[in-house]
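Enquirer: Here is my input; please provide its structure:
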Amino acid sequence: MSLYQRITSKKRPSSRGSFVIAIGDLMEIWTNEELQNFVQPTLTDEDIWFAKNHLLRTISFLIYIGAPKADEITLDLIRTRKHFDKILHLPEAHDPKFSLNGHTQEFFELALPLFTAPILMEGEDATLEDVQQMPLIEQSKESLGCGMTGPVFEYKILPGHFKRRYDPTPTTEQVVVAVKTISKSSASPTREITVLRQLRDLMRDKGGIQICPCITIVKEGHQYHSLSPRADSNLRGIYGNLETRIRDSSHWVLLRESIGQIKGIVEAVVLLHETPSIGQNSCYCHMDIKPDNILVFQSPSSNVGIWKLTDFGITTISVKKRQRTEGGARQEGFGTHMTITVGTSPGSAAGRYQPPEVNDNLDKWNSGDTGKYMGRGSDIWSLACVFAEVVAAIMGELGDLNNNTTECFYDKEAQSLWSCPPIATRPSPSYRRHPYFNRWLKRLWAGRTSEPSLKLCHELIDKMTDTNRMRRLKSQQVLDRINKFLKG
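Expert: As a prediction, this is how the structure comes out:
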């Protein structure tokens, strides 16, 4: 085949519905020998290295559009050491020497997007120009999940279009990623993008924290694309595997391993709660902790995988006020925060993991009251609900726990671990934990003699689900108790 035919055969369907030619595929065509044959006179090893790293797309584009004297143009670009691949998508790159050779301007403009998909850099943002398209191949039209600001789909980054932070050359592998597209018409796209960027930068210095990082954020017109590592499952997806284990010595090993992964999620929450967001007296609150937002990555060293916290779509940047609380969650110093609005309701999918104060938050917000009803203690309740489900799954009691905690909220369909009083009793409701949940906790306490880890599970879940959020444990207190148990 001719060079033109070989280049054309490398077209791949792009995420835009058109086509794109990957750098990694062009590298298969442009061997050292092929470059030497195409360009005369003889090239040095340094010339060939430069052409393969900075001119492959430009040379291929010249051939694709049938530019006269493409070999002479290539030789000139090599000798001047101009990194033309980096600017091929820019108007100033459209040199008169790139003759259309009888083709129309429309052909020229249609050809450019084939060769100008950017190289994505880990930890850095990118902005697409009009002639560029995302260097992605869609893997499945089925959504991996749907956050508050948009669905998540699986893609592969084209070979040669992703550069890891500490690697000087792009990888030739197809990197699998989860892509969330956030439109500017979304409720708070700027806030979510800001949080993702801040957490990504924070994670550079916090190795080992079990937060699923944002690899890169790409701006395309009025949309942002957030790319993250593709997990093997989420926590809800492995409940079945946890439940099918026979209760023997390996069963308790599974529980202890799960506690170790819960510790990792608690460390992530501590990082959020103790990291200044917009100033010294501020922090982050996740506000949507649930099994769907805890990703699971398979690991040869763990029977339960590695768990990582994700989805910061409604994460709040919260500012502290000088108001002393009753203890527990705010035991040391001052610590309540300003108003936090939550994009869920008690009857929504996330609502079953929301704390009792979500009712007051929604009621007051709808009435125009800007009081403070949710905060870091609300994350603690949600985390405890997840913790309880993990323990219940391992104990073979998850079905019982879920089926017996049905309570009536506004829509009379949601489930939770707390009871909502009749609306007539407000504005001074007396929330309580669900009676069945209390009985389940007692059974957990009764089993502590056969397995010490059950005592820890009981104590933590009990103190993390106080219906008064001011009396709940702080995230650091939860972490300290888990660390003490694991070291003992």
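
Enquirer: Can you tell me which helices and strands the helix or strand encompassing S382 packs against?
Expert: Using DSSP states H and E, S382 sits within helix 376-394. Applying 3 or more Cβ pairs under 8 Å, 6 or more residues apart in numbering; DSSP states H and E, we find helix 376-394 packed against helix 235-243, helix 249-274, strand 282-285, helix 398-403, helix 435-446, helix 452-464, helix 475-487. From N, CA and C alone the C-beta is placed, and that goes for glycine too.

Enquirer: Pick the most buried one from those.
Expert: Stretch with highest mean neighbour count among the helices and strands packed on helix 376-394: strand 282-285 (a mean of 22; mean count of other Cβ atoms under 10 Å).

Enquirer: Listing partners with orientation, what would you give for that one?
Expert: strand 316-324 (antiparallel) (DSSP bridges).

Enquirer: Let me see the mean pLDDT of the strand it pairs with.
Expert: For strand 316-324, mean pLDDT rounds to 53.

Enquirer: Stretch 233-252 too?
Expert: 80.

Enquirer: what does stretch 154-162 give?
Expert: Rounded mean pLDDT across stretch 154-162 is 95.

Enquirer: Contacts for that stretch, please.
Expert: 12, 15, 20, 22-27, 117-120, 122, 135-140, 144, 170-179, 227, 230 (Cβ atoms under 8 Å, 6 or more residues apart in numbering).

Enquirer: ditto for stretch 78-85
Expert: With Cβ under 8 Å, 6+ apart, stretch 78-85 has contacts from 39, 43, 47, 50-51, 54-58, 77, 93.

Enquirer: Just flag the most distant two among these.
Expert: Across those, the longest distance by Cβ to Cβ is 22.6 Å; it joins L43 and A93.

Enquirer: For S301, give its distance to Q261.
Expert: 12 Å (Cβ to Cβ, to the nearest Å).

Enquirer: no, scratch that, I was asking about F84
Expert: From F84 to Q261 the distance is 48 Å (Cβ to Cβ).

Enquirer: What of I23?
Expert: Applying Cβ to Cβ to I23 and Q261 gives a distance of 38 Å.

Enquirer: neighbour-wise, which of L43 and A93 wins?
Expert: Ranked by neighbour count (other Cβ atoms under 10 Å), L43 and A93 place L43 first, with 20 against 17.

Enquirer: isn't that one right up against E34?
Expert: No. Applying Cβ atoms under 8 Å, one finds L43 not in contact with E34, separated by 11.3 Å.

Enquirer: Is R165 in contact with T171, as I believe?
Expert: No. Counting by Cβ under 8 Å, T171 is not a contact partner of R165; they are 11.8 Å apart.

Enquirer: okay, the two: which has more neighbours?
Expert: T171 (16 against 10).

Enquirer: need the contact list for that one.
Expert: Counting by Cβ under 8 Å, 6+ apart, T171 touches 159-160, 162-164.

Enquirer: again, but for L35
Expert: 43, 48, 51-52 are the contacts of L35 under Cβ under 8 Å, 6+ apart.

Enquirer: one more time with 10 Å
Expert: 29, 43, 47-48, 51-52, 55-56, 59, 74, 78 (Cβ atoms under 10 Å, 6 or more residues apart in numbering).

Enquirer: who touches both of R165 and T171?
Expert: E122.

Enquirer: In three-state terms, how would D167 be classified?
Expert: Following DSSP: H, G, I helix; E, B strand; the rest coil, we place D167 in the coil state.

Enquirer: Got the phi and psi for it?
Expert: Phi and psi for D167, reported as degrees, to the nearest 10, are phi -120, psi 120.
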